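Colleague: Sequence plus the predicted model coming up.
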Amino acid sequence: MNPDEAQSTLEHGFPPHHESEEWIGAKHIELTDLAGGCLMTLSSAAITCFLLTLNGALVLALMSTAAAAGVEWVNGERIGQFILFAAPISLAVGQWMMLDTLRRILRRRKKKPMHELA
């Protein structure tokens, strides 16, 4: 049944289009839910930027140390750029996987009663 052709809002379960401003599909989004989602997205982006900066500095320091130690392949332009690009991203993905695992472990431990943990 088309919601616009229904006789009342009870027949289709959706309010008329002119009565609601914040409807996306059939779900009403609260402002606090929207702000919480935006906050989580921004915090994830900030953490990822921090991890990428830290990882980039670490990889650059390791490459400089390897070049000073006489490792020849580090001085190659193509391989050096690939490592400087791929290694920080790979490290960030691994770090996020570790954070997710840690969060899952802590959440599981928080849900269990204390007598089951011993």
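Modeller: Noted; the coordinates are in hand.
Colleague: dump the residue contacts of Leu84.
Modeller: For Leu84, the contact set (CB atoms under 8 Å, 6 or more residues apart in numbering) comprises 56, 59-60, 63. For glycine as for every other residue, the C-beta is placed from the backbone atoms N, C-alpha and C.
Colleague: Can you flag which of those residues belong to strands?
Modeller: Nothing among the contacts of Leu84 maps onto strands, per DSSP state E.
Colleague: Out of those, the closest to Leu42 would be?
Modeller: Of all the contacts of Leu84, the one with the least separation from Leu42 (CB to CB) is Gly56, at 21.0 Å.
Colleague: From Leu99, how far out is that closest one?
Modeller: 18 Å (CB to CB, to the nearest Å).
Colleague: Check the gap between Phe85 and Ser64 for me.
Modeller: The gap separating Phe85 from Ser64 is 16 Å, by CB to CB.
Colleague: Same question for Lys110.
Modeller: Taking CB to CB, one finds Lys110 at 43 Å from Ser64.
Colleague: Which one's more surrounded, these two?
Modeller: Ser64 (11 against 7; other CB atoms under 10 Å).
Colleague: burial of Val93, as a residue count?
Modeller: Neighbour number of Val93 under other CB under 10 Å is 12.
Colleague: Give me the pLDDT value at it.
Modeller: Note on Val93: pLDDT of 96.
Colleague: where's it, which helix or strand?
Modeller: Counting by DSSP states H and E, the element that carries Val93 is helix 77-111.
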